[in-house]
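Q: output the structure for:
(2 chains)
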Amino acid sequence: MAIEQHYIDLINADIDGEISDAEKAELQAFLDGSAEGRKLHEELASFCAALDGVEPEDPPGYLRHVIMNSITPARPAEESPGFLQILFAAPALKYAATFAAGVFLTLSIVNSGQVSNRAFDDVAGLVGTMADPVNAKLASSISVDEVDLAGTVSLRSAGSLLILDFDLVSRDHIEIEADYSDPSIWFNGFAQLESSGTSVSAESGRVRLGMEGKRRYAVFLHNKGGRQTTVGLRFKANGEVIHEARLDYSPTK
Amino acid sequence: MSRTDDTNLIERCRSGDRAAFEALLVEYEKPVFNAAYRMLNSRDDAKDVTQTVFLKVFENFDQYDPTRRFFSWIYRITLNESINWLGKNNRTEPLVFEAADEGRNVEQAVDSARVSANVQAALMAIKTDYRSVVVLKHILGCSYTEISQILDIPEKKVKSRLYTARQQLKDALTGMT
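A: Numbers count the residues shown, from 1 in each chain, chains lettered A, B, ... in the order given. A predicted model of the protein is given here:
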């Protein structure tokens, strides 16, 4: 015999702990006289306990950092934003704003053992070359979720430029090697959101970076002709590799 | 976190205090991620939705009604964003599942190490309206009244959706294993 909907509702409310004393007494009276009711109650209680017992998933370790990095600090309401503040509100333009400083920093510490020296012929040209990351296309990206290092690295393309976008947080000093085997690709510049804290050096087919803490920076590679390529990434702590990944660029993407 | 704690943090967030926002993030990141994951059945999608939810919260503190609990606001945004995500990816229709086999006991289906995967698969087999109430009740631990506020539907409807959802989940689980 089917159980009346009213009692099914009472059974559910009882299991959810949302039943009044009067309803509880009514339900008990029903259950005392209904084996079918008791079976349903037991079955539902077991089922709901199973649902309640589903283990929660842990979010990726880097997610909190990514979210905090993606919010823009609020400004006092009474302060009217100036032209430059509006101009540099876009992340890409923040890169541009720090790029000149980044170029000088790069020029001062880079080991120029790379195949081509054309990358540093014209600093003004470099700034112009990276000026359109707004239209850069995402080629591939990876997530890192290690104990000592978390975040994302993306590879974007804009014309003849490949942009390695690092958004990472590390507990201690981390070294990163970005390898690109294609000899026609060369290091073309570096920009960072923070004013300092990341070191960079380039040699033939490889860029080495050093960082610690929360860092957002970009490495620019010149890829004339938009050739298909792969960038291998190796993350090291205390000289030991803690994470490896690769980013692929294909002109069809 | 208490209502007072939330209110204090939100006041500080409104004045641009990043540390206060990070405290809210620490408190709600996991439940938001889990709600999105149970709605979407994908860690990658849940990660993206979680990020979107917190950005929306950050950008819309002015729209938050302080007479309501903060969690009801952020959970509502989470469910809406998850449903929007499903719509954008053409996954609004539930998966097809076989009808229950009357000879199989429900406990046999749920009482195993595979319970989480089975429940998740069953969740994806029911409509998003029903999935939402199950997520709020069993994943986030909300009461009928809280679910009613979050979904903005009468409590009577919450009960009816929840009971129907459970029946459908049971059917899906028993037909699954």
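Q: what's the burial count for residue 170?
A: Reading this off chain A. Using other Cβ atoms under 10 Å in any protein chain shown, A:Ser170 is surrounded by 22 other residues. Every C-beta, even on glycine, is put in place using the N, C-alpha and C of the backbone.
Q: I was thinking of chain B, sorry if that wasn't clear
A: Neighbour tally, B:Lys170, other Cβ under 10 Å: 18.
Q: confirm it sits in a strand?
A: No: assessed with DSSP: H, G, I helix; E, B strand; the rest coil, B:Lys170 is helix; it does not lie in a strand.
Q: list the buried residues of stretch A:191-211.
A: The neighbour-count check on stretch A:191-211 (16 or more other Cβ atoms under 10 Å in any protein chain shown) flags A:191-193, A:198-202, A:205-209, A:211 as buried.
Q: tell me the contacts of the residue nearest to A:Val207 when sequence neighbours are not counted?
A: Distance criterion Cβ to Cβ, 6 or more residues apart in numbering or on different chains; nearest residue to A:Val207, sequence neighbours excluded, is A:Ala178 at 4.6 Å. Taking Cβ atoms under 8 Å, 6 or more residues apart in numbering or on different chains, we find A:Ala178 in contact with A:Leu164, A:Arg206, A:Val207, A:Arg208, A:Leu209, A:Val219, A:Val231, A:Gly232, A:Leu233.
Q: one more time with 7 Å
A: If a contact means Cβ atoms under 7 Å, 6 or more residues apart in numbering or on different chains, then A:Ala178 has A:Leu164, A:Arg206, A:Val207, A:Val219, A:Val231, A:Leu233 as its contacts.
Q: just flag the most distant two among those.
A: For those, the maximum inter-member distance is 12.2 Å, found between A:Leu164 and A:Arg206 (Cβ to Cβ).
Q: circling back: and which of the contacts of A:Ala178 is nearest chain B?
A: Proximity of the contacts of A:Ala178 to chain B (Cβ to the nearest Cβ) peaks at A:Leu233, which lies at 19.6 Å.
Q: so the closest one sits right up against A:Ser154, yeah?
A: No: here A:Leu233 lies out of contact with A:Ser154, judged by Cβ atoms under 7 Å, at a distance of 11.3 Å.
Q: which positions in the stretch 1-150 of chain A make contact with chain B?
A: With Cβ under 7 Å from any Cβ of the partner chain as the criterion, the stretch 1-150 of chain A comes near chain B at residues A:8-9, A:12, A:18, A:43-44, A:46-47, A:50-52, A:54-57, A:59-60, A:63-64, A:66-68, A:70-71, A:73-75.
Q: next step: those residues restricted to helices.
A: Taking DSSP state H as the definition of helices, the residues of the stretch 1-150 of chain A next to chain B contribute A:8-9, A:12, A:43-44, A:46-47, A:50-52, A:63-64, A:66-68, A:70.
Q: hmm, which of these are the buried ones?
A: Neighbour-count burial (16+ other Cβ under 10 Å) applied to these gives A:Ile8, A:Asp9, A:Asn12, A:Leu44, A:Phe47, A:Ala50, A:Leu51, A:Leu63, A:Arg64, A:Val66, A:Ile67, A:Met68.
Q: residues touching the third one, list them.
A: I take that to be A:Asn12. Residues in contact with A:Asn12 (Cβ under 7 Å, 6+ apart) are A:Leu44, B:Lys159, B:Tyr163.
Q: now with 10 Å, please.
A: Neighbour list for A:Asn12: A:Glu18, A:Ile19, A:Leu40, A:His41, A:Leu44, A:Cys48, B:Lys159, B:Ser160, B:Leu162, B:Tyr163, B:Arg166, B:Gln167 [criterion: Cβ atoms under 10 Å, 6 or more residues apart in numbering or on different chains].
Q: so which strand or helix has A:Gly210?
A: Take DSSP states H and E as the rule and A:Gly210 turns out to sit in strand A:206-223.
Q: may I have the next helix or strand after that strand as PDB, with CA atoms only?
A: Following strand A:206-223 in sequence order, the next helix or strand is strand A:229-237 (DSSP H and E). The C-alpha coordinates for strand A:229-237 follow below in PDB (Å, rounded to 0.1, in the frame of the first residue of the first chain):
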ATOM      1  CA  THR A 229      57.000  25.500 -31.200                       C
ATOM      2  CA  THR A 230      57.000  24.100 -27.700                       C
ATOM      3  CA  VAL A 231      58.400  25.700 -24.500                       C
ATOM      4  CA  GLY A 232      59.600  23.400 -21.900                       C
ATOM      5  CA  LEU A 233      59.300  24.600 -18.300                       C
ATOM      6  CA  ARG A 234      61.300  23.300 -15.400                       C
ATOM      7  CA  PHE A 235      60.700  24.600 -11.900                       C
ATOM      8  CA  LYS A 236      63.500  24.100  -9.400                       C
ATOM      9  CA  ALA A 237      63.800  24.600  -5.600                       C
END
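Q: gap between B:Tyr28 and chain A?
A: 11 Å (Cβ to the nearest Cβ, to the nearest Å).
Q: was I right to think that residue contacts B:Glu22?
A: No: applying Cβ atoms under 10 Å, one finds B:Tyr28 not in contact with B:Glu22, separated by 11.2 Å.
Q: and the helices in the stretch 1-150 of chain A?
A: A:5-15, A:21-32, A:35-52, A:63-70, A:83-87, A:91-109, A:123-129 (DSSP state H, counting those that start in this stretch).
Q: also chain B?
A: With helices called from DSSP H, chain B shows them at B:3-14, B:18-40, B:43-59, B:70-88, B:106-110, B:115-123, B:128-134, B:144-151, B:155-174.
Q: ok and the residue in chain B nearest chain A?
A: Closest approach between chain B and chain A, counting by Cβ to the nearest Cβ: B:Gly16, at 3.1 Å.
Q: report the central residue of chain B.
A: Nearest residue to the geometric centre of chain B (Cα atoms, centre = their mean): B:Ala35, 3.5 Å.
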